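Engineer: Just need the structure, nothing else, for what follows:
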Amino acid sequence: MKKLFTIGYEQSNAQDFFDALTRAKVATLVDVRAVAASRRPGFSKRQLAAGLDARGMAYVHLQKLGTPKEGRLAARSGKAERMLEIYERHLATPEARHALEELTALAKSGRPLCLLCYERDPAHCHRQRLAAELHQRLGIKVENLFCAPV
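Structural biologist: All right, here's what the predicted structure looks like:
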């Protein structure tokens, strides 16, 4: 059975993050953040892509699978359920559906994928919704990776 990983980089440093991906033998990291920027060193789009490339991993940014601003504000306010409701509406948009088809095609390739977002706890993150969708569509087993908190 194919496996799909998810990871959030909240409270971690880049080295621990890359080590977790390497241990899991991830081939492609799929960034599902709407905004691929970060104040945390090593996690902005260019730095992240370069760090992955140096370790033989590919980077794909599917921006349209990110949480819209309204949902990110809800998440920052500790309203995870509200964020997921907003995300569910977003996922029904044509742009998000198209990006979900791209993600499904990547998953069908058989290369070990990992979905990336900021939130450490997958239960409070939209990436879990995407993982569940891929599990339903393709029967992929989902495993959540964690980095040691700093």
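
Engineer: Surely Asp31 touches Gln47?
Structural biologist: No - between Asp31 and Gln47 no contact is recorded; they are 11.9 Å apart, counting by Cβ atoms under 8 Å. Every residue, glycine included, has its C-beta placed from N, CA and C.

Engineer: now the helices for the protein?
Structural biologist: Taking DSSP state H as the criterion, the chain carries its helices at 14-23, 45-54, 69-76, 80-91, 94-108, 127-138.

Engineer: Looking at Asp31 and Gln47, which is more packed in?
Structural biologist: Neighbours per residue, other Cβ atoms under 10 Å: of Asp31 and Gln47, the larger number sits with Asp31, 22 against 14.

Engineer: Centre-most residue in the protein?
Structural biologist: Centroid-nearest residue in the chain: Leu116, 2.4 Å away (criterion: Cα atoms, centre = their mean).

Engineer: Contact partners for it?
Structural biologist: Contacts for Leu116 (Cβ atoms under 8 Å, 6 or more residues apart in numbering) come out as Thr6, Ile7, Gly8, Tyr9, Leu29, Val30, Asp31, Val32, Arg33, Arg127.

Engineer: now Ser44
Structural biologist: Taking Cβ under 8 Å, 6+ apart as the definition of contact, the neighbours of Ser44 are Ala36, Ala37, Ser38.
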